[in-house]
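Engineer: Below are the sequence and a predicted model for it; my questions follow.
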Amino acid sequence: MTYLLEGVRAWLDGDLTKAVHVLVPQVERGLRNIVGQLGRPVTKPHPAVRDVGVAVTMGDVLYNDEIAEALGPDITLYLLAVYADPRGMNLRNRVAHGQLGAVTEPMVQLVIHTLLVFGIWTELAAKRR
């Protein structure tokens, strides 16, 4: 919770660069939490080191048909467009790989919006059933 508070505080203080760099990894963590709630694995085998696991990425999650179906087409498309698809903003990858240029208020507002969507995830999921 500390990183979420730090990121939101940074946003409120106008430190957009800090906000996006702190909050985007927390969005990815939140998505893995949802994946775990769906009973799906949140780790995968390391591609080169035997008997070592690594966290699943947003791309792993959002391009998985079962998980995308559970999330629903709207949330899946939204998360892909903002965070994981190279045709969209690709925020997760641009932050993680040091490729993010200028950070804008609307960009951070999308990250804050994502956190709000995650906050009502259980209600959204219940409506889909």
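Structural biologist: It's in. Numbering: from 1, shown residues only.
Engineer: Centroid-wise, who is the farthest residue in the chain?
Structural biologist: In the chain, Arg50 marks the outermost C-alpha relative to the chain mean, sitting 27.2 Å out by C-alpha atoms, centre = their mean.
Engineer: Strands of this protein, residue ranges please.
Structural biologist: Per DSSP state E, the chain carries strands over the ranges 43-45, 53-55.
Engineer: Run me through the strand neighbours of the last one, direction for each.
Structural biologist: When pairing is defined by DSSP bridges, strand 53-55 lines up against strand 43-45 (antiparallel).
Engineer: that older thread, and the residue farthest from the centre of the chain, backbone torsions?
Structural biologist: Here the main-chain torsion angles of Arg50 (degrees, to the nearest 10) amount to phi -60, psi 150.
Engineer: just to revisit the earlier point, between the strands of the chain, which one is closest to Asn33.
Structural biologist: strand 53-55 (11.4 Å; C-beta to C-beta). For every residue, glycine as well, the C-beta is placed using N, CA and C.
Engineer: now the closest one: mean pLDDT?
Structural biologist: Averaging pLDDT along strand 53-55 gives 92.
Engineer: contacting residues around that strand?
Structural biologist: Under the contact criterion C-beta atoms under 8 Å, 6 or more residues apart in numbering, strand 53-55 has outside partners 32, 42-46.
Engineer: What of stretch 104-118?
Structural biologist: Contact partners of stretch 104-118, identified using C-beta under 8 Å, 6+ apart, comprise 4, 8, 11, 16, 19-20, 23-24, 26-27, 30-31, 34, 75, 78-79, 82-83, 89, 91, 124.
Engineer: so Val27 sits right up against Tyr78, yeah?
Structural biologist: No: judged on C-beta atoms under 8 Å, Val27 makes no contact with Tyr78 at a distance of 11.5 Å.
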